[in-house]
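*Asks:* predicted model, plus sequence, below.
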Amino acid sequence: MLKIFFTSEDILRTRVAPAADPVWELVLSLHLLQGRSRDPLMANWRRSVARTLRTDSAADRLRLLFALNPPRGYFPDFLTPYESLAGFEAGLDAVRGTPVDLLRRDLTLLSGETPLPSSASALARGEPEVLRHLTDSMARYQELAIAPYWSRIRAAVEADRARRARALLDGGVEGLLASLRPSMRWEAGMLEVLDYPDTRELYLDGRGLLLVPSFFCARTPVALLDPTLPPVLVYPVDRLGGLAPEPGRGAGPAPGDGNSQALAALLGRTRAAVLAATDDGCTTGEVARRLNISPAAASQHTAVLRNAGLLVSHRDRNTVLHTLTPLGRAMLDA
């Protein structure tokens, strides 16, 4: 079990990452790809990516990257720098700039559990050419395994952020932390990660905690090993039906009146309005109030949209929060 201890100052400084973190998603996807997970939601992604990597001419260049990310156990802290909050390129720049003492420490820890290729010795010495090779490998893997699915990953993380925002509005930061159950438990200034593989204690000491919702995070949340680094806790989100490659990678044109009319013709005017109302997350009661319909009618319409794969619903005590799935967002934005 991991126990994270908060002061009142830590509670004030706790926040949720502003978007899906591209470097964390990359690293955690490597663990899932190499592991033995039987998650049916990820089976097609694993088969597709494995097939792509087998046929890619640059696949041999990914050997070091895969070795640094075993499917289980420790992986180096330096691969997921805090700077990736600012985007993928910022994260890669931070990896290239990792101090030699941190490289040596992380790789020494990893080599005690996992066989490493000979290039890891040069990496531990901080040789710029090897660091560049590593980040080039990360960029190539991201292009092959993550980029075709990014809009789905982003939509799932955005749906989770809507849930956490609701919890924050209703209960403050303590409500936000309490909303992380059942994998975590908040009580009296301490957040417990229940199925954490090691027994650890982390004292935030006024630094606050960055919560990072992640599509590729497995069932158990992940924290950095080094307690002196900015405190981060990565936790899994609802995968909203799994991954399928997107036909295009742009956001598409902004919806206009013609789109709204077409959506109404397909779903019916009220259900189209319900779908639009849940764009940023909406409870059943709020749907009813916004559209001036009865709570029973709002519940019925959201159930139909959920069964069609356009909404996902999360119950928290007596409230049900509805958010768009990737398919629902695609229909709304089409």
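*Replies:* Structure received.
*Asks:* hey, let's count contacts and neighbours off CA atoms from now on
*Replies:* Will do.
*Asks:* partners of Thr323 in the sheet?
*Replies:* Beta-bridge partners of Thr323, counted by DSSP bridges, are Val312.
*Asks:* got the contact list for it?
*Replies:* Contact analysis of Thr323 by C-alpha atoms under 8 Å, 6 or more residues apart in numbering lists Ala159, Ala162, Thr278, Asp279, Asp280, Gly281, Cys282, Leu311, Val312, Ser313.
*Asks:* cool, and Ala297?
*Replies:* Residues in contact with Ala297 (C-alpha under 8 Å, 6+ apart) are Ala288.
*Asks:* can you pull the phi/psi pair for it?
*Replies:* Phi and psi for Ala297, reported as degrees, to the nearest 10, are phi -70, psi -40.
*Asks:* mind checking pLDDT for it?
*Replies:* Looking at Ala297, its pLDDT reads 92.
*Asks:* just to revisit the earlier point, what subset of the contacts of Thr323 is buried?
*Replies:* Buried by 16 or more other C-alpha atoms under 10 Å: Ala159, Ala162, Thr278, Asp279, Gly281, Cys282, Leu311, Val312, Ser313, out of the contacts of Thr323.
*Asks:* let me know the secondary structure of the first one.
*Replies:* Spelled out, that is Ala159. Here Ala159 is recorded as helix under DSSP: H, G, I helix; E, B strand; the rest coil.
*Asks:* any idea how far Leu291 is from it?
*Replies:* As judged by C-alpha to C-alpha, to the nearest Å, Ala159 and Leu291 stand 21 Å apart.
*Asks:* with the fifth one instead?
*Replies:* Gly281 sits at a distance of 15 Å from Leu291 (criterion: C-alpha to C-alpha).
*Asks:* buried set for stretch 13-21?
*Replies:* So stretch 13-21, judged by 16+ other C-alpha under 10 Å, has buried residues Thr14, Arg15, Val16, Ala17, Ala19, Ala20, Asp21.
*Asks:* ok, now stretch 304-324?
*Replies:* Buried residues in stretch 304-324, counting neighbours by 16+ other C-alpha under 10 Å, are found at Leu305, Arg306, Gly309, Leu310, Leu311, Val312, Ser313, Val320, Leu321, His322, Thr323, Leu324.
*Asks:* possible to save those as TSV with distance to Leu204?
*Replies:* What follows is those, written out as TSV (distance: C-alpha to C-alpha, whole Å):
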residue	distance to Leu204
Leu305	42
Arg306	39
Gly309	40
Leu310	39
Leu311	36
Val312	34
Ser313	33
Val320	32
Leu321	31
His322	33
Thr323	32
Leu324	34
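*Asks:* give the contact list for the residue nearest to Pro115 when sequence neighbours are not counted.
*Replies:* Excluding its sequence neighbours, the residue lying closest to Pro115 (C-alpha to C-alpha, 6 or more residues apart in numbering) is Ala67, at 7.6 Å. Contacts for Ala67 (C-alpha under 8 Å, 6+ apart) come out as Thr114, Pro115, Leu116, Pro117.
*Asks:* again, but for Ala223
*Replies:* Ala223 is in contact with Pro231, Val232, Leu233, Val234, counting by C-alpha under 8 Å, 6+ apart.
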